[in-house]
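Enquirer: Using only what follows, build the 3D model:
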Amino acid sequence: MLLLAIYGSPRKNGNTDLMTEAFIEGALSVANVDLERIYVRDLDISGCMACGYCDKHGVCVQKDAMAKSYPLLEKAERIVFASPIYFYGVSGQAKLFVDRSQALFMRKNLNKSQGRLIAPAVPRKGFFLCAGATRGKRLFDCPILTARYFFDAIDVDYEGELCFRELDEKGAVRSHPSALDECRRQGTQFVA
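Expert: Purely as a prediction, here's the structure:
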């Protein structure tokens, strides 16, 4: 089984990175998993140009670092996507990555319209991890919706999320009474 971890934070070793590592630790403890990591902060990718090329061809016209991510997004059986909250949304880097995944959605639609839609050999599942600095009642509404539609666009079933409030300082998640244990436990269940 291929587990793809998408690190959507611009801050290396920050709260969502630590949450993702705990999630992966749980997954690796119970299953024979091949692991791939994408650090979105390290990708040199441009924004979607809304040029319509992928609508007609099923691939993105841009030739940048996103090209290496597409095959992983297509073949991973499990995907964990993590991002901090920035203005009640995922980070700009994470949103850029999600937006550029439009090419895969358009490929799916193109194949479907041409009668070539191929269902995944095994059910694919996605999970979202998120950390926010404030206590806002609706803090996670928008990022969860973004994650749901991201997974839907790439033919991955949304399995759920873990979101934690009041994690602002780098590494604050280590002081949370249960967050990292919950991430480990959820990683274990995610690959079972």
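Enquirer: So what's the predicted local confidence for the closest residue to Leu104 other than its chain neighbours?
Expert: Of all residues not flanking Leu104 in the chain, Ile154 sits nearest, at 5.1 Å (Cβ to Cβ, 6 or more residues apart in numbering). C-betas here are computed from N, CA, C, even on glycine. Listed pLDDT for Ile154 reads 93.
Enquirer: For burial, what's the neighbour tally of Ile154?
Expert: As a burial measure, Ile154 scores 21 neighbours (other Cβ atoms under 10 Å).
Enquirer: With Gly58 instead?
Expert: Residues near Gly58, counting by other Cβ under 10 Å: 17.
Enquirer: Hmm, it is touching Met106, no?
Expert: Yes: Gly58 is within contact range of Met106, at 5.9 Å (criterion: Cβ atoms under 8 Å).
Enquirer: Strands of the chain, start to end?
Expert: 2-7, 34-39, 78-86, 89-90, 125-131, 157-164 (DSSP state E).
Enquirer: closest to Ala172 out of these?
Expert: strand 125-131 (8.2 Å; Cβ to Cβ).
Enquirer: Does the closest one pack against any helices or strands, and if so which?
Expert: Applying 3 or more Cβ pairs under 8 Å, 6 or more residues apart in numbering; DSSP states H and E, one finds that strand 125-131 makes contact with helix 15-30, strand 78-86, helix 141-153, strand 157-164, helix 179-190.
Enquirer: what comes up buried for stretch 115-133?
Expert: Of the residues in stretch 115-133, those buried by neighbour count under the rule 16 or more other Cβ atoms under 10 Å are 124-133.
Enquirer: among these, which two are most distant?
Expert: Distances among those were taken as Cβ to Cβ; the most separated pair is Arg124 and Ala133, at 31.5 Å.
Enquirer: tell me what the lowest-mean-pLDDT helix or strand in the chain is packed against?
Expert: Least confident helix or strand of the chain, by mean pLDDT, DSSP states H and E, is helix 102-113 with a mean of 88. Applying 3+ Cβ pairs under 8 Å, 6+ apart, one finds that helix 102-113 contacts helix 53-57, helix 69-75, helix 141-153.
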